[in-house]
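Engineer: turn this into a structure:
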Amino acid sequence: MIDNNNIIKQRKRILSPSLSLSYDEPLHIIKGRGQYLYDVEGNEFLDATNNIQHVGHCHPKVIEATLKQLKKLNTNTRYLDETILDYASLLIKKMPNKLNKVFFTNSGSESNDLALRLARNYLQNNETIVLDGAYHGHLISLIEVSPYKYNGPGGIRPPQNVHALPIPDPFRGKYCGEDSGEKYAEEMKVILKKIKKPPAFISESIMGCGGQLIPPEGFIKRAYDLVKANDGLCIADEVQIGFGRIGDVFWGFECQNVVPDIVSLGKSIGNGHPLSVVVTTEEIADRFNNGMEYFNSYGGNPVSCAIGKAVLEIIEEEELQKNAREVGIKLFKMLQDLEGKHEQIGDVRGKGLFLGVEIMEGSDHSK
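Structural biologist: Predicted coordinates for the structure are as follows:
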């Protein structure tokens, strides 16, 4: 029998202490299949927390696509190859018409960093507006625009060019209620008046680390309109909520009735394989083509693109977006039933299979 305590000791000896484990008694997972994980003792766990294996652990079609392409070719993008074109074309078909230029990267963090770089190059300034409570990645450039990190333990004040709107939480935020969207939008007006430059506004349409939080009706649309009226650009961070996870629509920004200027994709895009993407407009991409070559050694390699293509096909063939909607409705109702029975549950929210439950201290819903 493998001694988990020994593995924990080895982790402490070899790995960084800031690399955390889940649960008081960490799980020793050795296998995954579909929606289940299995530990070293053969116990089966329903995986309801993993937001990367989008079409299930060890999906046969993903494995087949990986092995087939890996046996044939895996190289950088300096050579002609149809795999990257086939996959990029499929992604573009899922996007609004104006979003038709694709950059390949390796992680959601790398995509968000590139998204900021594209926006700042186009705008010729680095003024950036974010939502309080947001998390956009672990690079220095993204910690600086992630209040979830810079306001947390070990965080430091963000640079002066980063401006945070109050978290648009209609349950217990600065402004509450379903009609609070315009009040949060007024905060955007204050920031825009202060900075006096066209900014980049980066946001999730449904906040992940902010608590599966759906902003109040009309807020995101109003915020986009205000930014664009000030000649700014809007970046949609779809790293956690894209690819049909929220059920009703394929992309989170669609549920807010907005069209961003730049979209960042990651996590679920490769079902656990290091793959991510930035999609933007021809105008922004052309402005970025200023003589400094964009090159990514591993981004867009044939194996990654073959896997990404397989994931898109599985979503369609197995009707996973429909499944997210239908199962999500049932799960949401079950969670609401629990809310009615337990006063510690303050709020149940989300869409599709992107749901959150807010647990309160005791029965005091003001905490």
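
Engineer: give me the number of residues near the closest residue to residue 216 other than its chain neighbours?
Structural biologist: Among residues not flanking residue 216 along the chain, residue 181 sits closest, at 3.8 Å (CB to CB, 6 or more residues apart in numbering). Every residue, glycine included, has its C-beta placed from N, CA and C. Counted with other CB atoms under 10 Å, the burial measure for residue 181 works out to 21 neighbours.

Engineer: looks to me like residue 130 is in a strand.
Structural biologist: Yes: assigned with DSSP: H, G, I helix; E, B strand; the rest coil, residue 130 falls within a strand.

Engineer: could you say which helix or strand holds residue 278?
Structural biologist: Taking DSSP states H and E as the definition, residue 278 sits inside strand 276-280.

Engineer: isn't residue 173 right next to residue 166, touching?
Structural biologist: Yes: between residue 173 and residue 166 there is a contact under CB atoms under 8 Å: 6.2 Å.

Engineer: only the buried residues of stretch 18-37, if you could.
Structural biologist: 32, 37 (16 or more other CB atoms under 10 Å).

Engineer: got it, and stretch 51-66?
Structural biologist: For stretch 51-66, burial by neighbour count (16+ other CB under 10 Å) applies to 53-57, 59, 61-62, 65-66.

Engineer: equivalent analysis for stretch 240-256, please.
Structural biologist: Buried residues in stretch 240-256 (16+ other CB under 10 Å): 240-247, 249-256.

Engineer: residues contacting it, please?
Structural biologist: Outside stretch 240-256, the residues that touch it by CB atoms under 8 Å, 6 or more residues apart in numbering are 51, 54, 94-95, 108, 204-206, 208, 215, 220-221, 224, 236, 238, 259-260, 263, 265, 267-269, 311-312, 315, 320-322, 324-326, 328-329, 350-354.

Engineer: same question, stretch 186-197
Structural biologist: For stretch 186-197, contacts defined as CB under 8 Å, 6+ apart pick out 123, 125, 127, 129, 163, 165-166, 199, 222-223, 226-227, 230.

Engineer: residues in contact with residue 355?
Structural biologist: 212, 328, 331-332, 335, 348-349.

Engineer: work out for me the element it sits within.
Structural biologist: Short version, using DSSP H and E: residue 355 is in strand 354-359.

Engineer: what does residue 90 give?
Structural biologist: Per DSSP H and E: helix 82-93 holds residue 90.

Engineer: what is that helix packed up against?
Structural biologist: strand 101-105, strand 276-280, helix 302-317 (3 or more CB pairs under 8 Å, 6 or more residues apart in numbering; DSSP states H and E).

Engineer: export the last one to CSV, keeping only CA atoms.
Structural biologist: Output of helix 302-317 as CSV, limited to C-alpha atoms (Å, rounded to 0.1, in the frame of the first residue of the first chain):
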residue,chain,number,x,y,z
PRO,A,302,-0.2,20.2,-34.7
VAL,A,303,-0.8,18.0,-31.7
SER,A,304,-2.5,20.7,-29.7
CYS,A,305,-4.6,21.8,-32.6
ALA,A,306,-5.7,18.2,-33.3
ILE,A,307,-6.8,17.9,-29.7
GLY,A,308,-8.6,21.2,-29.8
LYS,A,309,-10.5,20.1,-33.0
ALA,A,310,-11.4,16.8,-31.3
VAL,A,311,-12.8,18.7,-28.3
LEU,A,312,-15.0,20.9,-30.5
GLU,A,313,-16.3,17.8,-32.4
ILE,A,314,-17.1,16.0,-29.2
ILE,A,315,-19.1,19.0,-27.9
GLU,A,316,-21.2,18.9,-31.0
GLU,A,317,-21.5,15.1,-31.4
